[in-house]
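S.K.: how would this look folded up:
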Amino acid sequence: MKNTQAYRLIEVIDEQTHNEFFDLPVQLYRNDKNWSQPLDNDILAILDPERNKLLAEGESQCWILKDESESTVGRIAAFYEKESAVTNEQPTGGVGFFECINDKDAAFMLFDAGKEWLKERGMEAMDGPVSLGMRDSFWGCLVDGFHEPVYNMPYNFPYYRELFEAYGFRDYFRQHTYQRKFEPGGLHPAIRRRADYLLSQPEYHVKMIEKGNKQFAYDFKEVYNKAWAEFNGIKGLSEQEAMELLKTMEPIMDERLVYFAYHKDQPIGFFVMMPDLGQISRRFRGKWNWLTRLRFFYHLKISQSVDRVIGRIFGVIPEFQGKGVEGAMVMAFEKEAMKPSFPYKTLELNWIGDFNPVMMKVAEFIGGKIYKTHITYRYLFDRNKEFKRAPKVNMSKKKPASTPSVKF
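M.R.: Numbering: from 1, shown residues only. Got it, this is the predicted structure:
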């Protein structure tokens, strides 16, 4: 029997509960040197209806949990967005930003709160710990590789896995992070041969991005919408959204880290990497203001404090997959990475799902090794319903298996 009398669940509705929601992880991880405090603004961009457009067709709710001494011992958020919720076999919402002491009673009260809230809004399942929007931030429970996290990638205590699974969450899919050091010989010879053959044909070429050139925003939109068309819960980009994305990226972009592939001058693939901003933002204790902005750009542009690169997104449209396009883009990047002036030491390819075995092979062929593993869990409200893991992507014989993404 649950000892729920020891805890009190409180909705986050005012400044005090808001502050307690954000302060809890600081207290929990105060002795963990690997933990990096996310920027409060990055979390609010997901949970605040005024900042997250998806909440115009959905809702979110946050709770904190207090013990008998009035200390905050847990937190959770629940949310859904109508359009993506119904792309699953059953309407599915999400819970995320979960933090808790190592106590099943406390954790189960938080999970119950999310479940009942989502049930009341017509959901029949919940995924967790997840976010609301693109899957590249705050998504998954870390279960292996408890190293310093890159920017906005989840980090949690090892016991979180036990709390989720004891409640009844099941492993829906796993997300692997592959790491590669920048040193010669990392690219598999077969990938190099295929890429060399591709680039020997005049209709193919790879280009490094140029800041200020708006054409790359349109090229990104074309590839993204074609490469991701088959994925449930992923909406296409409009031209305006692509332009806004490029505008957001440009201040922190390093042109040496973004590549596009073309066939007869039509975009067919991209490989987008970014400096790991987490190596800088972890200094700011969650705050983003004029002073931290100055410090941020000093560390990024002047002192060059970042030596780690994140593979943000990797896409090739279906009809050109398996022809060497992936390797051609990696070869172009490798050429830059081997220069003495290149400031970065390692690359982390985040968010490669185990439902995408072809992309896992690509990560291995370009020299990556599994460095971390996260799990995205699913909990079906009907406990008698058959649980199904995420299906493998595009495994039909009519098309080559999809290799669209490092993060998607």
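S.K.: residue contacts, G128?
M.R.: G128 is in contact with G94, V95, G96, F98, F111, G114, C141, F164, F169, T376, Y377, Y379, counting by C-beta atoms under 8 Å, 6 or more residues apart in numbering. Where you see a C-beta, it was placed from the backbone N, CA and C, and this is true even at glycine.
S.K.: pLDDT wise, what is it at?
M.R.: On pLDDT, G128 comes in at 94.
S.K.: cool, the one 5 residues further on as well?
M.R.: Predicted confidence (pLDDT) at G133: the value is 79.
S.K.: how about H299?
M.R.: 61.
S.K.: surely H205 touches Y262?
M.R.: Yes: using C-beta atoms under 8 Å, H205 is in contact with Y262, at 5.5 Å.
S.K.: all helices for the stretch 301-408 of the chain, in order.
M.R.: 325-337, 357-365 (DSSP state H, counting those that start in this stretch).
S.K.: E83: which of those is closest?
M.R.: The closest approach between E83 and any of the helices of the stretch 301-408 of the chain, judged by C-beta to C-beta, belongs to helix 357-365 at 25.3 Å.
S.K.: how about the closest one as PDB, C-alpha atoms only?
M.R.: Provided in PDB are the C-alpha atoms of helix 357-365 (Å, rounded to 0.1, in the frame of the first residue of the first chain):
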ATOM      1  CA  PRO A 357      19.000   0.200 -37.400                       C
ATOM      2  CA  VAL A 358      20.300   1.700 -40.700                       C
ATOM      3  CA  MET A 359      21.200   4.900 -39.000                       C
ATOM      4  CA  MET A 360      22.900   3.000 -36.200                       C
ATOM      5  CA  LYS A 361      25.000   1.300 -38.900                       C
ATOM      6  CA  VAL A 362      25.800   4.700 -40.400                       C
ATOM      7  CA  ALA A 363      27.000   6.000 -37.000                       C
ATOM      8  CA  GLU A 364      29.300   3.000 -36.600                       C
ATOM      9  CA  PHE A 365      30.600   3.300 -40.200                       C
END
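S.K.: and it with helix 325-337, angle?
M.R.: On the basis of axes from the mean of the first three to the mean of the last three C-alpha atoms, to 10 degrees, helix 357-365 is oriented at 30 degrees to helix 325-337.
S.K.: what is helix 357-365 packed up against?
M.R.: strand 170-181, strand 346-353 (3 or more C-beta pairs under 8 Å, 6 or more residues apart in numbering; DSSP states H and E).
S.K.: just the contacts of G128 now: which is nearest P189?
M.R.: T376 (34.1 Å).
S.K.: quick check: that closest one vs E364, distance?
M.R.: 22 Å (C-beta to C-beta, to the nearest Å).
S.K.: these two: which is more packed in?
M.R.: Between T376 and E364, counted using other C-beta atoms under 10 Å, the more crowded position is T376 (21 against 16).
S.K.: the more buried one contacts G140, doesn't it?
M.R.: Yes: under the criterion of C-beta under 8 Å, T376 makes contact with G140 at 5.2 Å.
S.K.: find residues that contact each of these two.
M.R.: V130, Q175.
S.K.: for G327, which non-adjacent residue is closest in space?
M.R.: A195 (3.5 Å; C-beta to C-beta, 6 or more residues apart in numbering).
S.K.: beyond the helix or strand harbouring that neighbour, next helix or strand please.
M.R.: Element membership for A195 (DSSP states H and E) is helix 189-199. For helix 189-199, the following helix or strand on the C-terminal side (DSSP H and E) is strand 204-208.
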